[in-house]
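Engineer: coords please:
(one chain, ligands or ions: 1)
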Amino acid sequence: MDAQATIEELEELLPLAAQWVTEQRQRALCEGVPLSESELADAREVGVKNPERVRLLRVETIPVPAHPMLRAAAVSMKFLPAAPRGLALDHAIFVRADFWRDRSLIAHELAHTAQYQRLGGILPFLRTYISQCATVGYSNAPLELEADANAKRACSA
Ligand SMILES: [Zn+2]
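Structural biologist: Residues are numbered from 1 along each chain as shown. Okay, here's the model as predicted:
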């Protein structure tokens, strides 16, 4: 995929992606549970502001967008791993049932929550994240590498 096509596709895609994230965030905020004391400490360690507002929602499978354009883009731009274990949507975090309360996974997702806060919310986070995945791939995206590093540091603190 050439870079120009990717950027144009990304700009078309962003409002749809942001809408989906907003809907899913609302669901997790309504149905989810607050962080435990130790998770609150990890959240502060990775830089989350107001960690008491974070909610964790346990799900059998991490939700994926139903919209065909978003699905196609997720595949072609590789911004969703094949079988995600967790998903941070601002301060709402989906956790797959077999990783429920898994410290390192939750610390990683909390590091993404801190990134949403730092970058200024859903739209700027998605713009940065998706363009990184489209250019260097999910596993080399700087926001992923940073989340891994911050989670590791928090868990060894
Ligand atoms: Zn991640």
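Engineer: could you say what helices and strands the biggest helix by length in the chain packs with?
Structural biologist: Secondary structure of the chain read by DSSP state H shows that its longest helix is helix 3-31. Here helix 3-31 touches strand 55-59, helix 68-76, strand 86-89, strand 92-96, helix 122-136, going by 3 or more C-beta pairs under 8 Å, 6 or more residues apart in numbering; DSSP states H and E. (Each C-beta comes from the backbone N, C-alpha and C, glycine too.)
Engineer: State the phi and psi torsions of G47.
Structural biologist: Summarising the backbone geometry of G47 under the convention degrees, to the nearest 10, its torsions are phi 100, psi 20.
Engineer: Let me know whether V64 touches A74 as I believe.
Structural biologist: Yes - the pair V64 / A74 is scored as a contact, 7.1 Å apart, by C-beta atoms under 8 Å.
Engineer: which of the two has more neighbours?
Structural biologist: A direct count of neighbours by other C-beta atoms under 10 Å for V64 and A74 places A74 higher, at 19 against 13.
Engineer: Look up how far A66 lies from the more buried one.
Structural biologist: Distance from A74 to A66, counting by C-beta to C-beta, to the nearest Å: 11 Å.
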